[in-house]
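Colleague: Dropping the sequence and predicted coords here.
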Amino acid sequence: MHDVKALIIGAGQAGLAASSLLTEADHEHVVLERGRIGERWLSSSWDSLRLLTPNWMSRLPHWAYAGTEPDGYMSANEVADFLFSYALSFDAPVQSETRVEHVFPAPGGFEVVTDRGDWRASKLIIATGWCDLPAVPAIATRLDPGIDQVVPSDYKHPGQLAPGGVLVVGASATGVQLADELRRAGRDVVLAVGNHTRMPRRYRDRDIFYWLERVGALDRGVDELPSVVAARHEPSMQLIGRTSGENVDLTTLAAAGVALTGRTTWIDGTVVSYADDLHQTLDHANQRLEKVLGRIDDYIAAHGIQAKAQSHARFLSTPRTTPPAQLDLRRAGISTVIWATGYRRAYPWLHIPGALGADGEIDHRYGVTAVPGLYVLGQRFQRTRRSNFLGGVGADALSITHHLLAQPRRLVA
């Protein structure tokens, strides 16, 4: 049994941000990582994936992007390298290839059982991330076994899929990016569209994140929202990391030949049924986008900023086709379904009474749980809208490590 003051589970951006701050405070700790530093970026990302945020936004405590392409978008491997260099910069105490199997309460703290030995700590930070497990809907079990099913964390490139067309379910960032890539590879693609967030890659000569930062959209606090649950399940932006400033949204996809449908509601073998809600969903997304662009326009005018004028109409155009109510995948030549339907969290290893809410999520406020000494970091909208961005987790790490350092707790032998 190893004793340590604090343990961090996960060596991604969240865990390393906390480790950097604890190192600065000379507070003894160890970071347990199931694989390599930045493992999810290395093993659970498709080959062409790039950050949605520009490189200049990649900021962590005592570390920031310093490369030659501040307006570019790091690839998944580059993000992993960024995190590895960050860990080296302060000699992070990371125990790699160490899988946590159980976490139990212990006198004065916690007992953590791993496949490489057991630990006891008075403080514990869970930094396993927001994108943990693909959230595949239950109706997927009704799909004919002759149709392949793939989740984004297992997808690498179009060539790995069986020959034929592809149904992509979900039209947030992941769904539109995969639909775009597959269509460019010559595949017939159907995209089932649910709730989504439209956003142009660039607006008025700047990356959209430049304006979102300036108008304070990313700093909107969790307490300002009517529903925290709804905010944490808000769909990610329809964006892609291309320095060309190219948009990838439903309009560009439809123009490229991607067939759009409403939400997937039922599956019976090879037949997929869709809701008659595509146009309503498009209108709702456009209304929200117009509000954002209007807010940016008002900010530019109020601050006297010289910025190219740009019509909203260019971004609000939407395809007005009549989508099918049903589709027989086999007859349509579709061999694969990709479930780009978001992620869920699962903590089967966490045996701490009071740690989880009724929804199975870690119950916390700003990352501090009701269990003394137990914290969570890297959650979506943990404190603000930027909480789970690479450039946003640092502020949350500062908040919880400040709380941790102010709360002495001793292990009882």
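Modeller: The structure has been received and is ready for your questions. Numbers count the residues shown, from 1 in each chain.

Colleague: Can you pull the domain assignment for the protein?
Modeller: Domain assignment of the chain by automatic domain parsing yields the ranges 2-132+345-405, 135-339.

Colleague: Could I get these in TSV, plus columns for mean pLDDT and mean neighbour count?
Modeller: Backbone N, C-alpha and C define where each C-beta goes, glycine included. Shown next, in TSV, are the domains of the chain (pLDDT from 0 to 100; neighbours: other C-beta atoms under 10 Å):
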stretch	mean pLDDT	mean neighbour count
domain 2-132+345-405	96	19
domain 135-339	94	17
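
Colleague: Which residues lie in contact with residue 246 in this structure?
Modeller: 201, 240, 252 (C-beta atoms under 8 Å, 6 or more residues apart in numbering).

Colleague: mind listing the helices for the stretch 301-413 of the chain?
Modeller: 313-316, 393-405 (DSSP state H, counting those that start in this stretch).

Colleague: right, so of the ones you listed, which gets closest to residue 140?
Modeller: helix 393-405 (31.4 Å; C-beta to C-beta).

Colleague: Off-centre distance for the closest one?
Modeller: Mean-position distance between helix 393-405 and its chain equals 20 Å (C-alpha atoms, centre = their mean, to the nearest Å).

Colleague: Which secondary structure elements does that helix sit against?
Modeller: helix 13-24, strand 59-60, strand 117-126, strand 374-376 (3 or more C-beta pairs under 8 Å, 6 or more residues apart in numbering; DSSP states H and E).

Colleague: Relative to residue 89, which of these is closest?
Modeller: helix 13-24 (8.1 Å).

Colleague: then the closest one to PDB, C-alphas only?
Modeller: Extracted in PDB, the C-alpha atoms of helix 13-24 (Å, rounded to 0.1, in the frame of the first residue of the first chain):
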ATOM      1  CA  GLN A  13      -5.300  18.200 -19.800                       C
ATOM      2  CA  ALA A  14      -7.500  18.300 -16.700                       C
ATOM      3  CA  GLY A  15      -5.300  16.000 -14.600                       C
ATOM      4  CA  LEU A  16      -2.100  17.700 -15.700                       C
ATOM      5  CA  ALA A  17      -3.400  21.200 -15.000                       C
ATOM      6  CA  ALA A  18      -4.200  20.100 -11.400                       C
ATOM      7  CA  SER A  19      -0.800  18.400 -11.100                       C
ATOM      8  CA  SER A  20       1.000  21.500 -12.300                       C
ATOM      9  CA  LEU A  21      -0.700  23.600  -9.600                       C
ATOM     10  CA  LEU A  22      -0.100  21.000  -6.800                       C
ATOM     11  CA  THR A  23       3.500  20.800  -7.900                       C
ATOM     12  CA  GLU A  24       3.800  24.600  -7.700                       C
END
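
Colleague: what's in contact with that helix?
Modeller: Here helix 13-24 has contacts from 6, 8-9, 11, 29, 31, 33, 37-38, 60-63, 83, 86-87, 90-94, 125, 127, 129, 377-378, 390, 393-394, 396-398, 400-401, 404-405, using C-beta under 8 Å, 6+ apart.

Colleague: Likewise for stretch 53-67?
Modeller: 13, 16-17, 20-21, 24, 51, 69-74, 79, 82, 86, 89-90, 207, 209-210, 213, 389-391, 393-394, 397-398.

Colleague: Residue 262: what's it in contact with?
Modeller: With the criterion set at C-beta under 8 Å, 6+ apart, residue 262 makes contact with 192-193, 274-278, 281, 323.

Colleague: Reformat the helices and strands packed on helix 393-405 as JSON lines; add distance to residue 143.
Modeller: Formatted as JSON lines, the helices and strands packed on helix 393-405 follow (distance: least, C-beta to C-beta, whole Å):
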{"stretch": "helix 13-24", "distance to residue 143": "35"}
{"stretch": "strand 59-60", "distance to residue 143": "41"}
{"stretch": "strand 117-126", "distance to residue 143": "34"}
{"stretch": "strand 374-376", "distance to residue 143": "34"}
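
Colleague: Do I have it right that residue 32 meets residue 114?
Modeller: Yes: with contacts counted by C-beta atoms under 8 Å, residue 32 reaches residue 114, the gap being 6.3 Å.

Colleague: I'd like to check which residues are in contact with the residue nearest to the spatial centre of the chain.
Modeller: By C-alpha atoms, centre = their mean, the chain has its centre lying nearest to residue 131, at 5.4 Å. Contacts for residue 131 (C-beta under 8 Å, 6+ apart) come out as 40, 44, 343.

Colleague: so the second one touches residue 151, yeah?
Modeller: No: the criterion here is C-beta under 8 Å, and residue 44 misses it with residue 151 at 9.4 Å.

Colleague: anything in contact with each of residue 32 and residue 114?
Modeller: 98, 100.

Colleague: what helices or strands is the host helix or strand of residue 266 leaning on?
Modeller: Residue 266 is part of strand 264-268 when elements are defined by DSSP states H and E. With contacts taken as 3+ C-beta pairs under 8 Å, 6+ apart, strand 264-268 sits against strand 271-274.

Colleague: I'd like to know how far residue 360 sits from residue 152.
Modeller: Going from residue 360 to residue 152 by C-beta to C-beta, to the nearest Å gives 21 Å.

Colleague: ugh, wrong one, I meant residue 402
Modeller: Taken as C-beta to C-beta, the span from residue 402 to residue 152 is 35 Å.

Colleague: on that earlier part again, need the helices of the stretch 301-413 of the chain in a markdown table with distance to residue 172, can you?
Modeller: Shown next, in a markdown table, are these (distance: least, C-beta to C-beta, whole Å):
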| stretch | distance to residue 172 |
| --- | --- |
| helix 313-316 | 17 |
| helix 393-405 | 20 |
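
Colleague: Out of these, flag the one nearest residue 118.
Modeller: Using C-beta to C-beta, these put helix 393-405 closest to residue 118, at 21.6 Å.

Colleague: How about residues contacting the closest one?
Modeller: So helix 393-405 is contacted by 6, 13-14, 17-18, 20-22, 25, 27, 59-61, 123, 125, 366-368, 373, 375, 377-378, 382-384, 386-387 (C-beta under 8 Å, 6+ apart).

Colleague: hang on, the earlier thing: residue 220 is nearest to which of the helices of the stretch 301-413 of the chain?
Modeller: helix 393-405 (13.2 Å).

Colleague: For the stretch 301-413 of the chain, which segments count as strands?
Modeller: Per DSSP state E, counting those that start in this stretch, the stretch 301-413 of the chain carries strands over the ranges 326-328, 334-339, 343-344, 364-365, 368-369, 374-376.
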